[in-house]
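Q: Predicted model and sequence below, questions to follow.
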Amino acid sequence: MVGTLVLTRHGQSEWNKLNLFTGWKDPALTELGREEALTGAKRVAATGIKFDVAFTSALQRAQTTLGIQLKEIGQENIAIHKDQALNERDYGELSGLNKDDARKKWGEDQVHIWRRSYDIPPPGGESLKLTAERVWPYYHKEILPLVKQGKNVIVAAHGNSLRAMIKDIENISDDDIVGLELATGVPILYKLDSEGKVVSKEILKDEA
């Protein structure tokens, strides 16, 4: 029994455009972000997959991305589960700050550590490790069992909540996962067997 899991990072948000730390703040998608979501949706549509259920975070940029995807593939009527367990990493005191201003305040090295270390959180916020510890229980309880049953599942979420899922799916090391780049709006298609092991992985993007 092989199930399908499609993961998509939301399209560009207004705060992405302004180079701000976003985290649990809730800006909308930009027009480019909506276009990115639509482009990704067309690539999903080309696979012909019929989804059984969808998951997204409690934040509108992910929910809007999912809505654009489901409308484009004509599957708006499937069940959608929204949960803050899939929210972006909480950046704490960095939230809402311009990334250059944060570097001026705390120093470039310190901000780099907060952004790219696995287990050192910014003040009042989450590290990737803490984000993963929030995401994994939800993934293992709500999402993975469906895929293991052969269901087709689509998830629209955020860079770091998706990194947490991918770390678990692919058994990626702490050091390697922090360097994993996820393009906005580009879906990743996994086929998983009944034990949750990866059968295949495909990044749905235009060939260079």
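A: Alright, I've got the coordinates. Every value quoted in this text rests on a predicted model; they were computed, and no experiment measured them. Numbering: from 1, shown residues only.

Q: Now E202: which helix or strand?
A: E202 is part of strand 198-203, with elements assigned from DSSP states H and E.

Q: which of the residues in stretch 150-163 are buried?
A: For stretch 150-163, the neighbour count (16 or more other CB atoms under 10 Å) marks 151-163 as buried. Placement of C-beta: from N, CA and C, glycine included.

Q: where's the top helix by length along the chain relative to the chain centroid, distance-wise?
A: Longest helix of the chain, by residue count under DSSP state H: helix 31-47. The chain centroid and the centroid of helix 31-47 are separated by 15 Å, computed with CA atoms, centre = their mean, to the nearest Å.

Q: export the buried residues of stretch 150-163 to JSON lines and tack on distance to R9 and pLDDT?
A: As requested, the buried residues of stretch 150-163 are exported to JSON lines (distance: CB to CB, whole Å; pLDDT from 0 to 100):
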{"residue": "K151", "distance to R9": "22", "pLDDT": "98"}
{"residue": "N152", "distance to R9": "19", "pLDDT": "99"}
{"residue": "V153", "distance to R9": "16", "pLDDT": "99"}
{"residue": "I154", "distance to R9": "13", "pLDDT": "99"}
{"residue": "V155", "distance to R9": "10", "pLDDT": "99"}
{"residue": "A156", "distance to R9": "8", "pLDDT": "99"}
{"residue": "A157", "distance to R9": "7", "pLDDT": "99"}
{"residue": "H158", "distance to R9": "6", "pLDDT": "98"}
{"residue": "G159", "distance to R9": "6", "pLDDT": "96"}
{"residue": "N160", "distance to R9": "10", "pLDDT": "97"}
{"residue": "S161", "distance to R9": "9", "pLDDT": "98"}
{"residue": "L162", "distance to R9": "6", "pLDDT": "98"}
{"residue": "R163", "distance to R9": "9", "pLDDT": "98"}
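
Q: would you say I80 is within a strand?
A: Yes: counting by DSSP: H, G, I helix; E, B strand; the rest coil, I80 falls inside a strand.

Q: Just the element for the closest residue to it other than its chain neighbours, please.
A: In space, I80 comes closest to A54 once its chain neighbours are excluded; the distance is 4.7 Å by CB to CB, 6 or more residues apart in numbering. Element membership for A54 (DSSP H and E) is strand 53-56.

Q: Pull the residues that contact that strand.
A: Strand 53-56 is contacted from outside by 62-63, 65-66, 70, 78-83, 86, 142-143, 146, 151, 153-157, using CB atoms under 8 Å, 6 or more residues apart in numbering.
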